[in-house]
Structure formats: C-alpha cells, structure tokens
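Student: sharing a model that was predicted from the sequence below.
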Amino acid sequence: MSHPRRTRSPLDFDRNKLLQSLGSARAALIEAHRSMKPKSGLARSADAVVSEIDEFALVLTGSRDFFHLKAHGTPPSRNEQS
C-alpha cells in the first residue's frame, strides 16, 4: 500500500532556531578544532562540517559569511535588514 504524500512548504521549520543551533554547533567544532592535530583526519573532518554549515547558512540566508564576525559599525547587508 502506498502512503499519502505529506505536502510541506520547503521552509516549514523555524529558520532562526535552526540557524542558532547551527551556529552553536559551528562554534563547538571550532573550539574543539583548536586541540586537534592540524592535519589529522579528525581536524579535516571538523573543517568539512564547518564548511557545510557555512554552505547551508548561505542557502538559507543568502549570506556567505553569516556566521563570521563582523566589524563593529559594519552596516547590515540587504539580506539582514528584513
């Protein structure tokens, strides 16, 4: 038997909550990376996950540097003003 398809909006989730969780995970990976051997497989894996988090944030926000620190007084980008 086939099950009825669930139809959901592509953005049927709390975008801000997801970005906050991804930001926390990204920060934890960066902190852990500091104690890893620089060219170890574990460090490369952590770098890859951070890169994927950044890519996902780009898709969600349109900002390539969404999680990167911005200088004090930097005006928000057009995507951040709404």
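Tutor: Cool, got the structure.
Student: elements contacting the longest helix seen in the chain?
Tutor: As assigned by DSSP state H, the longest helix anywhere in the chain is helix 41-61. When contacts are defined as 3 or more CB pairs under 8 Å, 6 or more residues apart in numbering; DSSP states H and E, helix 41-61 packs onto helix 15-33. From N, CA and C alone the C-beta is placed, and that goes for glycine too.
Student: just checking, what packs against the helix it packs on?
Tutor: helix 41-61.
Student: neighbouring contacts of the helix it packs on?
Tutor: Helix 41-61 has contacts (CB atoms under 8 Å, 6 or more residues apart in numbering) with 15, 18-19, 22, 25-26, 29-30, 32-33, 36-37, 63-67, 79-80.
Student: give me the buried subset of those residues.
Tutor: Applying 16 or more other CB atoms under 10 Å to the contacts of helix 41-61, the neighbour count classes Leu19, Leu22, Arg26, Leu29, His33, Ser63, Phe66, Phe67 as buried.
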